[in-house]
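Q: A predicted structure for the sequence below; I have some questions about it.
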Amino acid sequence: MKTIIVTGSEGYLGKIVADHFNERSDVRLIPVDIQLGHDLSDETLVKDFFQTNKADYLVNLFAMNDHVEEDSKQVQSLFDVSLVSLQKYYSVNVSSLFSVCREFARHNKGGIVNFTSIYGMVSPRNDMYGDSEKHIGYSITKGAVIQMSRHLAVHLAPHVRVNCIGPGGVEKGQSNEFKELYAKNCPFGRMMKPEEVIGLVEFLCSDSSAYMTGAVIPIDGGWTAW
């Protein structure tokens, strides 16, 4: 039986992934989330957690996103972005992620699956968000996740594999107007269903991907292929 830690396990996409693994008879799931009392910005907590919770795989789905965080909704323009808000993105999406990956690698051999975004690979489109913009902190930090994953892949090889998944927009009650705008910009003509990410996570958390590390895999209906 393999043990898989899923961080952000109570979030929208995280819960889909965590619930899937929790239903598997050959997987022991360890859920990690702020709602469960795990503040991953607390380095002492992270060190203590990974010292006492061994696992074969780590799937990182915790992140700060301006469509999710109530205190970080879309800004009018990049000229309105406060440096404080930018630092919050860096703290969660980069510093805390690095801390979690490092402590997993300190105590385990296996695999790490990080999540970037299409907005870590290409810029958000201005025409998607009306009078406001996607927070630049999200794009900057999701780009950093890619480079962090590559760096870790090289320096932790061959004992720990590190790969990165880049989802496109995921359906989550968006307005019909937004979905239509998204569809026009996506070769598949629709947003991603959350369960469509499961197969790729399964693959990266198995021996089927035993020779893969440092990969950045888009799952975006062709968005980044334009």
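A: Okay, I see it.
Q: Please count neighbours and contacts with C-alpha atoms only from this point.
A: Noted.
Q: buried ones in stretch 161-172?
A: 161, 162, 163, 164, 165, 166, 167, 168, 169, 170 (16 or more other Cα atoms under 10 Å).
Q: What of stretch 110-127?
A: Going by neighbour count (16+ other Cα under 10 Å), the buried part of stretch 110-127 is 110-121, 124.
Q: follow-up on the earlier one: identify, from the buried residues of stretch 161-172, the entry nearest to residue 43.
A: residue 162 (20.8 Å; Cα to Cα).
Q: Quickly find the element holding the closest one.
A: Assigned by DSSP states H and E, residue 162 belongs to strand 160-167.
Q: how about the CA coordinates for stretch 29-42, as PDB?
A: Output of stretch 29-42 as PDB, limited to C-alpha atoms (Å, rounded to 0.1, in the frame of the first residue of the first chain):
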ATOM      1  CA  LEU A  29      -4.400   9.100   2.200                       C
ATOM      2  CA  ILE A  30      -3.000  11.800   4.600                       C
ATOM      3  CA  PRO A  31      -5.100  15.000   4.000                       C
ATOM      4  CA  VAL A  32      -3.400  18.300   4.800                       C
ATOM      5  CA  ASP A  33      -5.300  21.600   4.800                       C
ATOM      6  CA  ILE A  34      -5.600  24.900   6.700                       C
ATOM      7  CA  GLN A  35      -9.200  23.800   7.500                       C
ATOM      8  CA  LEU A  36      -7.800  20.800   9.300                       C
ATOM      9  CA  GLY A  37      -5.400  22.900  11.300                       C
ATOM     10  CA  HIS A  38      -2.400  22.700   9.100                       C
ATOM     11  CA  ASP A  39      -0.900  26.200   8.600                       C
ATOM     12  CA  LEU A  40       1.800  25.400   6.000                       C
ATOM     13  CA  SER A  41       3.300  28.900   6.400                       C
ATOM     14  CA  ASP A  42       4.400  27.800   9.900                       C
END
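Q: With pLDDT and distance to residue 202 as extra columns, can I get the buried residues of stretch 161-172 in CSV?
A: Shown next, in CSV, are those (pLDDT from 0 to 100; distance: Cα to Cα, whole Å):
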residue, pLDDT, distance to residue 202
161, 98, 14
162, 98, 14
163, 98, 12
164, 98, 13
165, 98, 12
166, 98, 15
167, 98, 15
168, 97, 18
169, 96, 20
170, 96, 18
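Q: just checking, what packs against the strand holding residue 162?
A: With contacts defined as 3 or more Cα pairs under 8 Å, 6 or more residues apart in numbering; DSSP states H and E, the packing partners of strand 160-167 are strand 110-115, helix 136-156, strand 216-219.
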